[in-house]
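Colleague: the sequence and its predicted three-dimensional model are supplied below.
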Amino acid sequence: MLELLIASSIASATPLLYATVGEILTERSGVLNLGVEGMMIVGALTGFAAAVMTGSTFLGLLCALSSAGLLSLIHAFLSVTLRANQIVSGLGLTIFGID
C-alpha cells in the first residue's frame, strides 16, 4: 500500500517539478513569471479538448504547446516590450488560466 502511495505521489508531482525547473530558469534570466500555473492549466485544458475532439494525441499535444506558448509570448511582450510590472502580468495570466 505504501509503495502505491509513493508511486502515485511521484507521478503526480512530476508536472509540478517541470514547472519549477522552468520557473528557476526564467528567474535566472531576470524575469519573474508568476503565470506558470495559468499557462499549465490553459495548456492542459486545450490539449485535452483537442485530443478528445480530434482523436489524436499528437494534435492534442501540439495544441497544448501552442496555447501555453501563446500565453508565454503575451507575458514576454508585456514584460519586456511594454515594461509592464512582471508580477501583475504573471498574476493576470494565472487568473485568466484559472477562470
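Modeller: Received, thanks.

Colleague: which parts of the longest helix seen in the chain are buried?
Modeller: What stands out as the longest helix in the chain, according to DSSP state H, is helix 2-28. Residues 23, 26 are the ones in helix 2-28 that count as buried (16 or more other Cβ atoms under 10 Å). (Each C-beta comes from the backbone N, C-alpha and C, glycine too.)

Colleague: measure the most centrally placed residue in the chain to residue 18 for me?
Modeller: For the chain, the residue nearest the mean C-alpha position is residue 40 (2.5 Å; Cα atoms, centre = their mean). Distance, residue 40 to residue 18, using Cβ to Cβ, to the nearest Å: 9 Å.

Colleague: please apply the same query to residue 2.
Modeller: Taking Cβ to Cβ, one finds residue 2 at 26 Å from residue 18.

Colleague: ok, residue 52 - contacts?
Modeller: By Cβ atoms under 8 Å, 6 or more residues apart in numbering, the contact set of residue 52 is residue 60.

Colleague: let me see the confidence value for it.
Modeller: pLDDT recorded at residue 52 is 97.

Colleague: quick check: which element contains it?
Modeller: Taking DSSP states H and E as the criterion, residue 52 maps to helix 36-54.

Colleague: next one: residue 64
Modeller: Per DSSP H and E: residue 64 is located in helix 57-76.

Colleague: what comes up buried for that helix?
Modeller: Across helix 57-76, burial judged by 16+ other Cβ under 10 Å covers 60, 62, 63, 64, 67, 68, 71, 72, 74, 75.

Colleague: how many residues are close by the residue nearest to the fifth one when sequence neighbours are not counted?
Modeller: If you skip the residues right next to it in sequence, residue 67 has residue 46 as its closest partner in space, 4.0 Å away by Cβ to Cβ, 6 or more residues apart in numbering. The number of residues packed around residue 46, counting by other Cβ atoms under 10 Å, is 19.

Colleague: can you tell me which residues contact the residue nearest to the centre of the chain?
Modeller: Going by Cβ under 8 Å, 6+ apart, the list of residues near residue 40 reads 15, 19, 68, 97.

Colleague: how about 6 Å then?
Modeller: The neighbours of residue 40, taking Cβ atoms under 6 Å, 6 or more residues apart in numbering as the test, are residue 19.
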